[in-house]
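Undergrad: Sequence first, predicted model second:
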Protein chains: 2
Amino acid sequence: MARVLVIGGDAAGMSAAAALRRRLPVEHEVVVLERGEWTSYSACGIPYWVSGEVTEVDDLVARSPAEHRANGIDLRTGTEAVSIDLDAREVETAAGDRIAFDALVIATGAEPVRPDLPGIHGRGILGVQTLGDGQDVIDALAERPRDVVVVGSGYVGLEMAEACVLRGCRTTVVERAPVPLSIIEPVLGEQVAVAMRGRGIELRTSAAVSGFDLDGDGHVRGVRVDDEVLPADLVLLGLGVTARSALAVAAGLPTGVKGGIVTDARHRVAGADRVWAAGDCVETRDRTTGLPIHLPLGTHANKQGMVVADDVAATLLDEPTRLTFPGVVQTAITKFCALEISRTGLGEQQAREAGFDPVVVSIETSARAGYMPDAGSMTVLLVADRGSRRLLGVQVVGTENAGLRVDAAATALTAGMTVDDVVMLDLAYAPPFASVWSPVQVAARAAVKAMDA
Amino acid sequence: MARVLVIGGDAAGMSAAAALRRRLPVEHEVVVLERGEWTSYSACGIPYWVSGEVTEVDDLVARSPAEHRANGIDLRTGTEAVSIDLDAREVETAAGDRIAFDALVIATGAEPVRPDLPGIHGRGILGVQTLGDGQDVIDALAERPRDVVVVGSGYVGLEMAEACVLRGCRTTVVERAPVPLSIIEPVLGEQVAVAMRGRGIELRTSAAVSGFDLDGDGHVRGVRVDDEVLPADLVLLGLGVTARSALAVAAGLPTGVKGGIVTDARHRVAGADRVWAAGDCVETRDRTTGLPIHLPLGTHANKQGMVVADDVAATLLDEPTRLTFPGVVQTAITKFCALEISRTGLGEQQAREAGFDPVVVSIETSARAGYMPDAGSMTVLLVADRGSRRLLGVQVVGTENAGLRVDAAATALTAGMTVDDVVMLDLAYAPPFASVWSPVQVAARAAVKAMDA
């Protein structure tokens, strides 16, 4: 009999644990240490819980601790791992227990970036990563803050700003870059800026936060931006996350981009024996460039958890490994009110840095046939490599029916298709859904034209 | 100087003519013969014009005759070609003119199937293919028919039935098969049947039309179905179309599936010199099976017109040909009221006939994260080949946000991906758009499970 020990009870950890429990004979143990009280929850759903669209926190929990336990997983909530002894194959907990393992899965997730600024630890300055964080935000909003400042305008910042607007708060978003949402090209970010301002958000771009003013109780009352102090009763940090890998680092395990633990395609930790890692705490690989990247998203965490389970089981049962994680193509989607925003592949600068010779085109088209009522509109930006004509990236901003268009593009660029291949794809057409050339194909045709000019 | 003569002024013909006009030096002539008065119109838009959602017929015209003429195309509307003399390189018109050509493009489209049944030529029995047909339907509806019978429940039949319901007509749909919409598997067709009946349509399945009763004026008054006569003031034929290739056949050109003219990948007519054909009048090739198929859709017609223009220009200008048409993967999308319906690739029976060993799975999932308000639901049916694990087909029926999911599947199967590849695709995820596993991936995981069982 063997014991698999998983550190972390969210997407990667619990998907690995659940798959292992299904696959391993019952005499093997699957133990999970989770420092919080929730498991398998949707961090991505927090903005919709904060906005009130999702009413119960339990709705965000895909599988509760009780359900996992009923499935035979030895799940220990409220149990924090504080060190890993690789030689002894033991993990020590905050309570001082030492738990032996035959296979260790590190799935410690990510943590919001909290820049080391004066006042950053003041009360009312909240990150948004765990359900506990979400509850803190909801509690703070219940006290009816006069001014909410969101620092950063990545998708978490954007979604939290939308939630605050829907809750009726006076909301300011502070962004260091000239336009919001740096995951898309600035020309598309401008459209997001227009939408944000249209919903009454005060958007401060090219603005650097230098600190936070606190009142006598240590509660935030202002955000220092350049030479100004923006009033704030509540500050939400949307500055992205880094891998929560201190435990791995302390054990001597290798980390790379944004602190992500380095693994191979089976998600074995590089240079370590019988140690795997998955989810927001690892770095992964971009399939287009082959370069390492930290891309903390639930969708990758679930796949990686599945891959880990396959290889752990194969190792313990002496069977062949079937799965590897092939990496990501940086697909992402979000929305701001009615505006849908998505991307896949590389932006222009990323393409250039990876050694491609990018051709960039941007087109406007409708979401349905142009003559249909509510035809909608969208902008599609496409990046391709001039030499190979290969599709490198697609970004979309537009109304209903726009965002998910990137799925076909993500599939095409994963397959290494050229823009010419994309033009000839047989994509769905009927007047309520598209024009006779699908939006991504309209962009691909523009790219062909630009290349052949 | 050379003259390109195009027969047919809709999608394939006019896209070829317009591309040729842009590419050929001005001394070359581009002449188009169109027997009707409209050009470049959206036949697919007719149901939405009939329903009243599109109010002006001109909205369905992407480019008018005047616009084409302004672009330098010698467009002759009201001019019917009646014979082709391949040796003399001349086309004769109904008016007796003989027009010489250096290159001939046949783009004569398709015509609704009108089975040879007693009474089929009665007044009030209408096909739906041209804008003229659409106008006839609108005129007939203006006379407030008491009973409309739609014969056939392919997507044209379904869309026309929806239009009649939206216009407040008492509508019966008669279908020979046990379930409507044979382009999808029967298990999904059942959901369409429920939706149709839910909107008050009388759906008669497994019902064969044996003839039409006409009144003294030769106007339809009933549809004979088995031993019964269904009252009908207006009958709409939705029995599909066949290639309108009589002209080509008379000239000795080869035809195949459903009368489609046989061409190569550059859309040169097989065995003929300087003759091309494109659009609804040709047969094409299914990319998955390699087998010929007749698939009359505007999206293919436009691409084929572009391919023809490239090869005609290359021939006349003695340049290399750049484009070929790679064939289709049978992607289609439609809707019935709020129900979206789409498919790509092969159904189970098609897969079996093509020599694959199909594994078929069907799953239910939500269109957004399950905890979001209006999460919606959809059924995804997936067909894969047991031996190669290759994705062969995907079909979707569901609420808003469901139909276009087939685009990623169409791209994946075009690329020859396995279901394992699909599971690992990086598709867009955020709670308003999908669950952490995208619907097609949920189906792919079910297929993997079924294969590995």
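TA: Cool, the structure landed.

Undergrad: How is A:Pro47 assigned, secondary-structure-wise?
TA: helix (DSSP: H, G, I helix; E, B strand; the rest coil).

Undergrad: is it true that it touches A:Val156?
TA: Yes. Using C-beta atoms under 8 Å, A:Pro47 makes contact with A:Val156 at a distance of 7.4 Å. Bear in mind the C-beta positions are built from the backbone N, C-alpha and C, glycine included.

Undergrad: Can you check which residues contact both of those two?
TA: A:Val128 (C-beta atoms under 8 Å, 6 or more residues apart in numbering or on different chains).

Undergrad: ok, the two, which is more surrounded?
TA: A:Pro47 (30 against 25; other C-beta atoms under 10 Å in any protein chain shown).

Undergrad: ok, for the more buried one, nearest residue in space, not its chain neighbours?
TA: The shortest distance from A:Pro47 to any non-neighbouring residue, by C-beta to C-beta, 6 or more residues apart in numbering or on different chains, is to A:Glu159 (3.7 Å).

Undergrad: Quick check: residues of the stretch 251-400 of chain A near chain B?
TA: A:287, A:297-300, A:302-303, A:323, A:325-326, A:328-335, A:340, A:342, A:344, A:369, A:371-373 (C-beta under 8 Å from any C-beta of the partner chain).

Undergrad: residues in contact with the helix or strand of chain A with the lowest mean pLDDT?
TA: Least confident helix or strand, chain A: strand A:110-112 with a mean of 92, by mean pLDDT, DSSP states H and E. Outside strand A:110-112, the residues that touch it by C-beta under 8 Å, 6+ apart are A:127-129, A:133, A:237, A:239-244, A:280-281, A:296.

Undergrad: Off-centre distance for it?
TA: Distance of strand A:110-112 from its chain centroid, counting by C-alpha atoms, centre = their mean, to the nearest Å, is 11 Å.

Undergrad: What's the first helix or strand after that strand?
TA: strand A:125-126 (DSSP states H and E).

Undergrad: Let me see the mean pLDDT of that following strand.
TA: In this model, strand A:125-126 has a mean pLDDT of 96.

Undergrad: just stretch A:34-42 next, same as before
TA: On average, stretch A:34-42 scores 93.

Undergrad: Figure out how far it is from the centre of its chain.
TA: Its chain's C-alpha centre and that of stretch A:34-42 lie 17 Å apart, by C-alpha atoms, centre = their mean.

Undergrad: just stretch A:397-417 next, same as before
TA: 18 Å.

Undergrad: Just give the nearest non-adjacent residue to A:Ala402, would you?
TA: A:Ala402's closest residue in space is A:Met378 (C-beta to C-beta, 6+ apart), at 4.0 Å.

Undergrad: Now do the same contact list for the one you found.
TA: Contacts for A:Met378 (C-beta under 8 Å, 6+ apart) come out as A:340, A:364-367, A:396-399, A:401-402, A:405, A:439.

Undergrad: Distance check, it against A:Leu239.
TA: A:Met378 is 29 Å from A:Leu239, where distance means C-beta to C-beta, to the nearest Å.

Undergrad: What number of residues are in the vicinity of the residue nearest to A:Ile261 when sequence neighbours are not counted?
TA: Nearest residue to A:Ile261, sequence neighbours excluded (C-beta to C-beta, 6+ apart): A:Ala277, at 4.3 Å. Using other C-beta under 10 Å, A:Ala277 has 31 neighbouring residues.

Undergrad: How about A:Ala277: which residues does it bridge to?
TA: A:Ala277 has these beta-bridge partners by DSSP bridges: A:Ile106.

Undergrad: you'd agree it is up against A:Asp264?
TA: No. Judged on C-beta under 8 Å, A:Ala277 makes no contact with A:Asp264 at a distance of 10.5 Å.

Undergrad: quick one, phi psi at the residue nearest to A:Ala402?
TA: phi -150, psi 160 (degrees, to the nearest 10).

Undergrad: any idea how far it is from chain B?
TA: Taking C-beta to the nearest C-beta, to the nearest Å as the measure, A:Met378 falls 13 Å from chain B.

Undergrad: show me the contacts for A:Pro186.
TA: A:Pro186 neighbours (C-beta under 8 Å, 6+ apart): A:177-179.

Undergrad: make it 7 Å
TA: If a contact means C-beta atoms under 7 Å, 6 or more residues apart in numbering or on different chains, then A:Pro186 has A:178-179 as its contacts.

Undergrad: Mind pulling up the pLDDT for it?
TA: A:Pro186 is given a pLDDT of 97.

Undergrad: Tell me the spatial nearest neighbour of the closest residue to chain B within the stretch 1-150 of chain A, not counting adjacent residues.
TA: The nearest approach of the stretch 1-150 of chain A to chain B comes at A:Asp59, 3.8 Å away (C-beta to the nearest C-beta). Nearest residue to A:Asp59 in three dimensions, chain neighbours excluded: B:Tyr371, at 3.8 Å (C-beta to C-beta, 6+ apart).

Undergrad: can you give me the helices in chain A?
TA: In chain A, the segments counted as helices under DSSP state H are A:11-23, A:46-50, A:65-70, A:131-142, A:155-166, A:186-198, A:246-250, A:298-317, A:348-353, A:406-414, A:419-423, A:439-452.

Undergrad: The third one: which residues count as buried?
TA: Applying a neighbour-count criterion of 16 or more other C-beta atoms under 10 Å in any protein chain shown, the buried positions in helix A:65-70 are A:65, A:68.

Undergrad: Name the residue closest to the centre of chain A, please.
TA: Centrality entry for chain A: nearest residue to the mean C-alpha point is A:Leu297, 3.3 Å, by C-alpha atoms, centre = their mean.

Undergrad: Next, find the distance separating that residue from A:Lys303.
TA: Taking C-beta to C-beta, one finds A:Leu297 at 10 Å from A:Lys303.

Undergrad: One more: A:Pro432?
TA: 33 Å.

Undergrad: between these two, who's got more neighbours?
TA: Remark: of A:Pro432 and A:Lys303, A:Lys303 carries more neighbours, 29 against 23, as counted by other C-beta under 10 Å.

Undergrad: is it true that the more buried one touches A:Thr324?
TA: No. Counting by C-beta atoms under 7 Å, A:Lys303 stays clear of A:Thr324, with 10.3 Å between them.

Undergrad: just to revisit the earlier point, among the contacts of A:Met378, the buried ones, what's the ChimeraX command?
TA: Buried subset of the contacts of A:Met378, written as a ChimeraX selection, criterion 16+ other C-beta under 10 Å:
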select /A:340,365,366,367,396,397,398,399,401,402,405,439
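
Undergrad: So which of the contacts of A:Met378 are in strands?
TA: Counted as lying in strands by DSSP state E, out of the contacts of A:Met378, are A:340, A:364-365, A:396-398.

Undergrad: Quick check: of these, which lies closest to chain B?
TA: A:Glu340 (7.9 Å).

Undergrad: Now for the nearest residue to that closest one once chain neighbours are set aside: which residues touch it?
TA: Nearest in space to A:Glu340, with sequence neighbours left out and distances taken as C-beta to C-beta, 6+ apart, is A:Gly403 at 3.4 Å. Contact analysis of A:Gly403 by C-beta under 7 Å, 6+ apart lists A:333, A:335, A:340-342, A:396, B:428, B:433.

Undergrad: got a winner among those for most neighbours?
TA: Going by other C-beta under 10 Å, A:Ser342 tops the contacts of A:Gly403 with 29 neighbours.
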